[in-house]
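Asker: Got a predicted structure here, sequence first:
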Amino acid sequence: MAKQILATSTSLAEEDEAGILAACQADPAAFTSLYHHYVAAVYRYVYFRVGNQVEAEDLVSQVFLAALEGLPNYNHRGFFAAWLFGIARRKVVDHYRRARPEPLDGLAGAATVDPDPLSQLIADEELTHLSGVIARQPEADQELLRLRYAAGLSFDQMAALLRRSPAAVKMSLYRLLSRLEKQLERESHGRET
Amino acid sequence: MDEKHKSVSDSELEGRLSRLYRSASPEPGFARRLERKLDERASQMAGNQPPARRSTWWNALGNAARWGWGLASMALLVAVILFAFSMLPGHPSALPLIVTTQEIALTAPPLPQTAAAENLTETPPSAPSAAAQITATIPGATVYTVLEGDTVLSIAEKFGVSIASIFELNQLGTGDVLYPGRQLRILLSTPTPVPAEPQAYVIARNAQVNLRAGPSTQHDILGMLDIGDKLLKNGDVTPDGWVPVEYPQGSGETAYVWVELVIVLDSGDAQQGIPAPADWVRASNPRTLDDRLLVDVCFNLIDEGDWIVRDAVLRLDQPDVIPLIAYDSSTLISIRPFTSDSEGAHTGERCDVLEFPLEPGAVPANPVLSVLSLEAYPREGQDCEMYMEKVQPLLTARDTGILIACEPVSHASGNVTVVSRPDDMSLEAAQALVYQAFQDTITLRGPWDFDLSQMLVPGDELPDLEEQYPLLGELRALNLLRSKNFLSIPGWVHLQYRAMYQQSGGTLPDGTQIPAEYRMDEWYELDEMGRITRTVARMLDLSGEPLQVSVLQEGEFTNYTFEETNPQEVFYLPPLDFGFTDLAENALKTGKSFDKQPLYVDGSYVGDQYAIQDDEVRWESVYDPATGKQLNFLTWQVLPEGLQLISSVVIETLENVTTPPAEILDLLASEPSP
C-alpha cells in the first residue's frame, strides 16, 4: 500500500486509517494502534498549550479516553485527526476554565498562565529567539502553529478542525510565516546594530 | 536590507518551527500507563457495547423530523422559539429582569446560630458572665442586648425563634418596653441533625485542591482533595473567598479551601450569579456506560461569552454515603453561536455531554441531575475588557461607589485595582464587592433539576420490537449502514431526488401551486457529532429552474425566494429515509403487515423492497442491501381495482462531498467561493 505521508503530516494513509477505525468500532481493543500513532502528536499539542508536563499528561489521558468512548459515534470521512484534535482543543479550553490556581494576591480571579511554554524546553538560542517572537503573536496564530507543527496536521485536517476552507487556512499560515520572518529579521538586525 | 540578514527563508523557518514544536514528547512511562488504562477501558467497553446512540437520537426526532418531503418538511423543523424574553446582550445589569421560577434552595435554610454568633459581638462587657450563667442552667440559651429599633418580632426573626419563647424566657408582659441595652435571653432551637441530608457540602471540582490551615495561601497545607472529594462545610465563606470545611472529616477541626476550586452546596451563603429561567437548561439522553453516567446538557447562550456548565451534581437515592457526585468530564457536542438581530431577538445554544463517575458496579438509584450554574470566564487576555465593560457598570448599578481600573498583564490575565471607593469602605470590603460583581457577571445560577430516572427509557422496548419483527431490525441496520457509508461526518452530504405527487404537493408561500413533479437538491453540512450546521435546499422544476431556494446557517432558516427567515434549533441529520422506518415501526405497533422481497428491474436485481400495507395505503421503499443506500420511496393507494401510485421519490444522489460547487457556496453568504 502506498504510504504518501508528508513530513509534517500526522495522518495515517487513508485506507489504513479507515480500516483501523472500522476495527475499533467493532472492537475497542483495536484502539491501541490509533493511540500509538497519535499519542506523541496529541501530547506535543497539549503540552504547548498548557506548558507543563503534569497537566499535559492528565489532559492527554482525558483526550484519549474521550476519543475511545466517542468512537462508536464517530463516522469516518478521512478526518479522524481533526476529530481527535477537536477533542484535545476542547479539553484544554475546559481545563483552563475549570482549573484555576489558588489566588496569588488579595483580589481573586487573576489566574496566570505560563506565558511561554515553548521557552522552557529549549537551549538553542535561535529557537529561543523564535519562541519569544511566537509568544507575542495573537492566540489564534499560535494555535495555527501548534496545529501545524506540534500536532502535525495537514491543511485539510486543520480546515476540518477550524471549520474553514483549506485554502484559507493555508493562506493564514503563510501570512503568519512571512510576518514571523519579518519580525525575526528585524530583531536580528536590531541585535547586531 | 543587507542580503545576509535575509537569512530566514520560508523552508528554513518551517524547519525551525518543526524542531521547536517537536522538542516535547511524552515520557515512555506515561505513554505505557495510559495505554494500559485505555486497554482496560476498551475491554470494559467490548464487554458492554454501548447502544447505537445515533440511531436512538434520530428515532427520537419523531414525526417532526420526518424527512425529505422537501421544503414542507423543513418548515416543520423550523420555528422553535428559544428565547421567550429579550434583553440587552452584554449588560449584566439587565439580567435581574429575568423572571425566575427556580430559586429553590438545594439544602435546608441557614442555621440560626449564624445570626446569633454575629450578634454576640453586640453584647456589652458585662454580658459574658451572664451568658455563661444562663447557658449553665439552660443549655443553648444566649444573651442578646437590645439595639435601637429592635422589636420582639425583629429579634425573633433574627434568631429564628418564636416570639412566645422570648416572652416566656424573659418573663416579659405585654406592657413591657424594650429599651436599648436591655439584655434578653434567647433559647436557640437546637437543629436536629439529619445524617442523610447534612446542611452543606463542599465538593472538589479540581484534582489537587489544597486544604489550608487558614484562609489564605500564606497558611500551611494540611491536606489535599482530589476531584469529587466531599467535605462538610464548617462556616461562612470569607469575603475573599475561602471556605471553611471540617477536616479531617468528623474531627470538628477546620481547614480552608479556595472557593473557586470547590462546589459549595449551601443555600445559606449569598449565592453567586444571576438567577436564570427554568427552561434555560435542558437535559436529555441519560445513559450509563459501565461505571459512568453520561447525559447531554444543552443551554441557551445569553451573549457571545464562552459559556460552559460550571457546576453540576448528580444526586442519588443512597442513604449511607454522601449522595452527591460532581461531573468530572465534559465534551462539547455542538455549539450554535450567539447571534442577535436588529429586533433584539437572540439565539444560540451549546450542548455538552457531562460525565459522572459512579461507584464501580453500582446502579444509580433515582438519579437527579442538578445543574447548579453556568459560567463564562473571560477568554485569555480579555479580563480587562470584562472588568471595564461589565463589572464596572454592575458596580455602578449597585451604588457601590467603587471605581476600578484594569491593566493588562502580559497576554494573560488583567490586574484589577480599586481606584476609588467611599471613605467609609475598607479596601478589603471594596475588593470583596468587586469580586462578587465579577462572579455575578460571569455566572448564571440555577439550579436546574432533572429527574433522570424519569428520562431513562426502558431499554428493552426496542430489542423486543426488533425481536418480534426482524424486518424492523433490518431497516434500522440499513439506516445505520447508510449513515456510515454516506452520511458520515464531518463534512457535506448531498441529497438529490425527483419527487412526483399524484395530487399536488401543496403551495409555495406566495400561493402558487407546487408542480406535481419537481426535483430537490439538498446540501447538508455536518459537524463532528452529526449535527447540521448549514444547509442549502433548492426546489427545481424539471427544466432545472429554481422554484424556491432556502438556506440554513448560523441558527437561521432563510427562504431566499420568499424572503422569510426563522430561527432554527440545532438538529441532527436524520436517517434520510423519508420517515419510512418510523412508518414501519408505527405500522407494526398497530398490527399492520410488513414484508420484504427482492426487486428486479428489467430482469436484474436492484435491491430489497420493504413494503408496509394498511387498509388504504401501501408504502414501499427500496434499499441496496450492500450499502444501505435507499433508492426510492413509493406510496400507493389501495383501490378495489388495484394499486394506484400516489407519490414517488426517486433518489438520484446521496453521497458525501468535500465541498459543494461554487453556485451552492455562493448562496451561503459567509462562505467565500473558491
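Answerer: In hand now; what should we look at? Numbering: from 1, shown residues only, chains lettered A, B, ... in the order given.
Asker: With just CA atoms, put the host helix or strand of residue B:651 into CSV.
Answerer: Assigned by DSSP states H and E, residue B:651 falls within strand B:642-657. Taking Å, rounded to 0.1, in the frame of the first residue of the first chain, the C-alpha atoms of strand B:642-657 are listed here in CSV:
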residue,chain,number,x,y,z
GLY,B,642,-55.6,-2.5,-7.9
LEU,B,643,-52.9,-0.1,-6.7
GLN,B,644,-52.7,3.5,-7.9
LEU,B,645,-49.4,5.4,-7.4
ILE,B,646,-49.9,8.4,-5.0
SER,B,647,-46.3,9.6,-4.8
SER,B,648,-42.9,8.6,-5.7
VAL,B,649,-39.5,9.8,-4.6
VAL,B,650,-36.6,8.6,-6.7
ILE,B,651,-33.2,9.3,-5.2
GLU,B,652,-30.7,10.4,-7.7
THR,B,653,-27.8,11.3,-5.5
LEU,B,654,-27.0,10.5,-1.9
GLU,B,655,-23.3,10.9,-1.1
ASN,B,656,-20.6,12.8,0.8
VAL,B,657,-18.9,15.6,-0.9
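Asker: so how far is residue B:556 from the residue nearest to residue B:276 when sequence neighbours are not counted?
Answerer: Residue nearest to residue B:276 in three dimensions, not counting chain neighbours: residue B:444, with 4.3 Å by C-beta to C-beta, 6 or more residues apart in numbering or on different chains. C-beta: built from backbone N, CA, C; applies to glycine. Distance of residue B:444 to residue B:556, computed by C-beta to C-beta, to the nearest Å: 24 Å.
Asker: swap in residue A:92?
Answerer: The span separating residue A:92 from residue B:556 equals 31 Å under the rule C-beta to C-beta.
Asker: Does residue B:24 touch residue A:47 like I think?
Answerer: Yes. Under the contact definition of C-beta atoms under 8 Å, residue B:24 touches residue A:47, with a separation of 4.4 Å.
Asker: Can you work out which residues contact both of the two?
Answerer: Residues touching both residue B:24 and residue A:47 (C-beta atoms under 8 Å, 6 or more residues apart in numbering or on different chains): A:56, A:150.
Asker: if we can go back for a sec, looking at residue B:444 and residue B:556, which has the bigger crowd around it?
Answerer: Neighbours around residue B:444 and residue B:556, counted as other C-beta atoms under 10 Å in any protein chain shown, are more numerous at residue B:444. The numbers are 24 against 16.
Asker: Check which residues of the strand or helix carrying the more buried one are buried.
Answerer: When secondary structure is defined by DSSP H and E, residue B:444 falls within strand B:443-451. Within strand B:443-451, the residues that qualify as buried are B:443, B:444, B:445, B:446, B:447, B:448, B:449, B:450, counting by 16 or more other C-beta atoms under 10 Å in any protein chain shown.
Asker: Please convert those to JSON lines, extending it with distance to residue B:335 and pLDDT.
Answerer: Compiled in JSON lines, those are given as follows (distance: C-beta to C-beta, whole Å; pLDDT from 0 to 100):
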{"residue": "B:443", "distance to residue B:335": "19", "pLDDT": "86"}
{"residue": "B:444", "distance to residue B:335": "16", "pLDDT": "87"}
{"residue": "B:445", "distance to residue B:335": "22", "pLDDT": "83"}
{"residue": "B:446", "distance to residue B:335": "20", "pLDDT": "78"}
{"residue": "B:447", "distance to residue B:335": "23", "pLDDT": "82"}
{"residue": "B:448", "distance to residue B:335": "19", "pLDDT": "87"}
{"residue": "B:449", "distance to residue B:335": "24", "pLDDT": "86"}
{"residue": "B:450", "distance to residue B:335": "21", "pLDDT": "88"}
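Asker: Using TSV, please lay out these together with distance to residue B:222.
Answerer: Converted to TSV, the buried residues of strand B:443-451 look like this (distance: C-beta to C-beta, whole Å):
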residue	distance to residue B:222
B:443	29
B:444	34
B:445	31
B:446	32
B:447	31
B:448	35
B:449	34
B:450	37
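Asker: Considering those residues, which is situated nearest to residue A:19?
Answerer: Distance to residue A:19, by C-beta to C-beta, is smallest for residue B:450 among the buried residues of strand B:443-451, at 40.6 Å.
Asker: partners of that closest one in the sheet?
Answerer: Per DSSP bridges, the residues bridged to residue B:450 are residue B:369.
Asker: tell me which residues in the helix or strand where residue A:169 lies are buried?
Answerer: Assigning secondary structure by DSSP H and E places residue A:169 in helix A:166-192. Buried positions in helix A:166-192, judged by neighbour count with 16+ other C-beta under 10 Å: A:166, A:169, A:170, A:172, A:173, A:176, A:177, A:180, A:181, A:183, A:184.
Asker: Look up how far chain A lies from residue B:277.
Answerer: Distance of residue B:277 to chain A, given as C-beta to the nearest C-beta, to the nearest Å: 23 Å.
Asker: what do you get for residue B:561?
Answerer: Remark: distance between residue B:561 and chain A (C-beta to the nearest C-beta) = 27 Å.
Asker: For that residue, what are phi and psi?
Answerer: In this entry, residue B:561 is assigned phi and psi values of phi -60, psi -40 (degrees, to the nearest 10).
Asker: Look up the closest residue to it, ignoring the ones flanking it.
Answerer: Once its chain neighbours are removed from consideration, residue B:561 has its nearest residue in residue B:548; the separation is 3.9 Å (C-beta to C-beta, 6+ apart).
Asker: ok, the one you found touching residue B:562?
Answerer: Yes. Under the criterion of C-beta under 8 Å, residue B:548 is in contact with residue B:562, at a separation of 6.6 Å.
Asker: hey, what's in contact with both of the two?
Answerer: Any residue near both residue B:548 and residue B:562 by C-beta under 8 Å, 6+ apart counts here, and that gives B:508, B:509.
Asker: Please say which of the two ends up with more neighbours.
Answerer: With neighbours defined as other C-beta under 10 Å, residue B:548 and residue B:562 compare such that residue B:548 has more, 20 against 12.
Asker: can you pull the pLDDT of the more buried one?
Answerer: Per-residue confidence (pLDDT) for residue B:548: 86.
Asker: Chain A versus that one, what's the distance?
Answerer: Relative to chain A, residue B:548 is positioned 27 Å away (criterion: C-beta to the nearest C-beta).
Asker: Report the contact partners of that residue.
Answerer: For residue B:548, the set of contacting residues under the criterion of C-beta under 8 Å, 6+ apart consists of B:71, B:508, B:509, B:538, B:539, B:559, B:560, B:561, B:562.
Asker: Parallel or antiparallel, list what pairs with the helix or strand that contains it.
Answerer: The secondary structure element spanning residue B:548 is strand B:546-553 (assigned by DSSP H and E). Neighbouring strands of strand B:546-553 in its sheet, by DSSP bridges, are strand B:532-540 (antiparallel), strand B:556-559 (antiparallel).
Asker: Dump the ones you listed to a markdown table, plus distance to residue B:496 and mean pLDDT.
Answerer: As requested, the strands paired with strand B:546-553 are exported to a markdown table (distance: least, C-beta to C-beta, whole Å; pLDDT from 0 to 100):
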| stretch | distance to residue B:496 | mean pLDDT |
| --- | --- | --- |
| strand B:532-540 | 10 | 88 |
| strand B:556-559 | 19 | 81 |
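Asker: Would you mind finding the most buried of those strands?
Answerer: Neighbour counts (mean count of other C-beta atoms under 10 Å in any protein chain shown) averaged over each of those peak at strand B:532-540, with a mean of 21.
Asker: Residues contacting that one, please?
Answerer: When contacts are taken as C-beta under 8 Å, 6+ apart, the neighbours of strand B:532-540 outside the stretch itself are A:163, B:70-71, B:74, B:514, B:518-527, B:546-553, B:570-573, B:660, B:664, B:667-668, B:671.
Asker: Show me just the buried residues among the residues you listed.
Answerer: Applying a neighbour-count criterion of 16+ other C-beta under 10 Å, the buried members of these are B:70-71, B:74, B:514, B:518-527, B:547-553, B:570-573, B:660, B:664, B:667-668, B:671.
Asker: where does the closest residue to residue B:365 other than its chain neighbours sit relative to residue B:230, distance-wise?
Answerer: Of all residues beyond its chain neighbours, the one nearest residue B:365 is residue B:317 (4.0 Å), with distances taken as C-beta to C-beta, 6+ apart. From residue B:317 over to residue B:230 the distance is 17 Å, taken as C-beta to C-beta.
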